[in-house]
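>>> What shape does this take:
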Amino acid sequence: MPVASSSRRKSARSRREPSSDRIEEDYPSQHAGNNDDVEGGDDEEEQPRRKVKQEKKARRRVRGDSESDNNAPAIVDDDDDDRIDIENFHNQPLDKKEGGKLSGIAQDWEMIRKQIHQGSFSLAKEVATSLADVLEGDNANQALSEVDGIMKTLIDIDHEMQSHEKVLSGMHQQLMRGEPVEDAVDLYEKEVKKKINEFNDRTTRKKYGSNDQYVQFKQGIFEVQKPGENIPPINDFIPREEGDESDDDDDLEIGGVTQDFKCPITLTMLVNPMKSSTCGHAFSGDAIREYLNKGPPSGKSCPAAGCSQKLTMAMLVADSSLEKRAKLAARRAQRDEDDSDDDDNEVIE
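All right, here's what the predicted structure looks like:
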């Protein structure tokens with residue numbers, strides 16, 4: 001076969017090379033063009049970011065310089081523009097729509113107060129009556145004095161919690177009348193503090209002499225220590241202080257209630273006593289039920305001598321504390337009677 005000469009190979013190679021060169025030249029040019037477009041787009045996005053960063057750095061430098069120079073105005077970073085200036089942000093006035101929230105908080109105070117102190121008062125009274133039953137002389141006086149201090153502290157705390165409750169209720173009523181409450185937090189704290197200070201400025205008699213819990217506390221002790229005797233006015237147990245009424249006015253003061261531990265119906269010691277919420281008389285549970293069941297549904301007159309109050313079962317509440325005091329008083333009376341019999345026997349011998 002004939003072989004191509006070198007001149008033919010060169011001419012053929014020269015004819016192929018231009019087309020190859022054009023393809024190679026076109027591709028890189030297109031690729032480069034695309035890269036330019038992409039890089040150009042990225043640069044357009046990055047430029048604003050770089051500009052913002054540069055501006056922030058410049059502001060920080062200016063702010064740093066201004067802080068070192070007291071006379072130079074400080075430049076605040078734009079990032080702080082949306083923040084609340086707490087120091088200059090005053091309490092906003094409350095309007096009527098906030099009244100329900102204040103009422104709810106007041107009810108929470110009332111619920112907490114009742115849950116805590118209802119049990120605490122009962123426990124203090126039970127401890128006092130038990131100590132009065134088992135202790136005598138100086139030992140009894142010292143122990144009861146300590147419990148008396150605890151009882152007074154409980155009353156102080158109870159009054160403080162009532163102060164929170166009353167102030168919130170007053171603010172709620174003000175809002176319900178359509179009157180806005182300005183500076184609610186300051187007003188709340190100021191009024192609570194005012195009520196607490198007014199209470200603390202009272203004399204001991206004025207703080208506790210008319211407090212139902214304290215009256216029951218002192219009565220329970222007296223009934224156990226001196227069963228059957230008339231209870232003197234509670235203020236007789238509290239030393240007079242400056243600001244109290246003169247002791248010469250004692251004849252105008254209502255005395256304490258004499259507790260009779262015998263049922264007016266059975267004339268025996270109270271058993272499972274139930275107490276009237278209207279007149280305060282107590283009866284043995286079974287006896288008063290039988291008495292009322294024989295009458296009309298509208299109720300009957302109180303069976304206690306001299307009382308004309310209408311009485312129904314709905315008006316009666318069980319009183320376990322009274323039952324305990326009755327047992328303690330009966331036991332102490334029996335002990336005193338036994339001691340008296342022993343003294344008589346010694347004299348006879």
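
>>> In the chain, mark out all the strands, start to finish.
According to DSSP state E, the chain carries its strands in the segments 273-276, 282-284, 300-301, 310-311, 316-318.

>>> out of the ones you listed, which comes closest to Thr203?
Nearest to Thr203 among the strands of the chain is strand 273-276; the distance by C-beta to C-beta comes to 31.3 Å. Every C-beta, even on glycine, is put in place using the N, C-alpha and C of the backbone.

>>> helices and strands around the closest one, which ones?
Contacts defined by 3 or more C-beta pairs under 8 Å, 6 or more residues apart in numbering; DSSP states H and E place strand 273-276 against strand 282-284, helix 285-293, strand 316-318, helix 320-348.

>>> so what strands line up beside the third one?
This means strand 316-318. strand 273-276 (antiparallel) (DSSP bridges).

>>> what pLDDT, on average, does the partner strand get?
Averaging pLDDT along strand 273-276 yields 90.

>>> Return the alpha-carbon coordinates of it using PDB.
Extracted in PDB, the C-alpha atoms of strand 273-276 (Å, rounded to 0.1, in the frame of the first residue of the first chain):
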ATOM      1  CA  PRO A 273     -70.400  18.800 120.300                       C
ATOM      2  CA  MET A 274     -72.000  20.900 117.600                       C
ATOM      3  CA  LYS A 275     -72.100  24.600 117.900                       C
ATOM      4  CA  SER A 276     -74.600  27.100 116.600                       C
END
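
>>> Need the contact partners of that strand.
263, 281-285, 288, 302, 309, 311, 315-319, 322-323, 326 (C-beta atoms under 8 Å, 6 or more residues apart in numbering).

>>> Buried among those residues? Make that a PyMOL selection.
Under the burial definition 16 or more other C-beta atoms under 10 Å, those of the contacts of strand 273-276 that qualify are selected in PyMOL by:
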select buried, resi 263+281+282+283+284+285+288+302+311+315+316+319+322+323+326
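
>>> distance of the residue lying closest to Asp158 once chain neighbours are set aside from Lys294?
Excluding the flanking residues, the one nearest Asp158 by C-beta to C-beta, 6 or more residues apart in numbering is His117, at 5.0 Å. Separation of His117 from Lys294 (C-beta to C-beta, to the nearest Å) stands at 40 Å.

>>> Those two: which is more packed in?
His117 (17 against 8; other C-beta atoms under 10 Å).

>>> Check what pLDDT the more buried one gets.
So, for His117, pLDDT stands at 77.

>>> How about His31?
Value for His31, per-residue pLDDT: 46.

>>> now stretch 204-212: mean pLDDT?
Stretch 204-212 comes out at a mean pLDDT of 91.

>>> and Thr203, how many neighbours does it have?
16.

>>> actually Leu328, not the one I typed
21.

>>> hang on, it packs against Asp133?
Yes. If you go by C-beta atoms under 8 Å, Leu328 and Asp133 touch, sitting 4.6 Å apart.

>>> what touches both of those two?
Val224.

>>> With Thr129 as the reference, measure out to Gln225.
Taking C-beta to C-beta, one finds Gln225 at 9 Å from Thr129.

>>> Just want to know which of the two has more residues nearby.
Thr129 (25 against 18).

>>> residue ranges with poor pLDDT in the stretch 51-200 of the chain?
51-91 (pLDDT under 70).

>>> Kindly recompute the last result at 90.
Along the stretch 51-200 of the chain, segments meeting pLDDT under 90 span 51-107, 110, 112-119, 122, 126, 129-130, 132-138, 140, 171-186.

>>> All the helices of it, residue numbers only.
Along the stretch 51-200 of the chain, counting by DSSP state H, counting those that start in this stretch, helices occupy 99-134, 137-176, 184-200.

>>> do you know which of the ones you listed lies nearest Ser210?
Comparing the helices of the stretch 51-200 of the chain by C-beta to C-beta, helix 137-176 comes nearest, at 11.1 Å.

>>> Report the angle between that closest one and helix 184-200.
Interaxial angle of helix 137-176 relative to helix 184-200 (axes from the mean of the first three to the mean of the last three C-alpha atoms, to 10 degrees): 150 degrees.

>>> tell me the angle helix 137-176 makes with helix 99-134.
Using the same axes, to 10 degrees: helix 137-176 against helix 99-134 is 170 degrees.

>>> Enumerate the positions of helix 137-176 that are buried.
By neighbour count on 16+ other C-beta under 10 Å, the buried set for helix 137-176 is 140, 143-144, 147-148, 151-152, 154-155, 158-161, 163-172, 174-175.

>>> What is that helix packed up against?
Helix 137-176 packs on helix 99-134, helix 184-200, helix 204-208, helix 212-225, going by 3+ C-beta pairs under 8 Å, 6+ apart.

>>> Just the buried residues of stretch 267-277, please?
Residues 270, 273-276 are the ones in stretch 267-277 that count as buried (16+ other C-beta under 10 Å).

>>> so can I have a markdown table of those showing distance to Leu102?
Compiled in a markdown table, those are given as follows (distance: C-beta to C-beta, whole Å):
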| residue | distance to Leu102 |
| --- | --- |
| Leu270 | 45 |
| Pro273 | 41 |
| Met274 | 39 |
| Lys275 | 36 |
| Ser276 | 37 |
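
>>> wait, which of these is closest to Gln334?
Nearest to Gln334 among the buried residues of stretch 267-277, with distances taken as C-beta to C-beta, is Leu270, at 15.6 Å.
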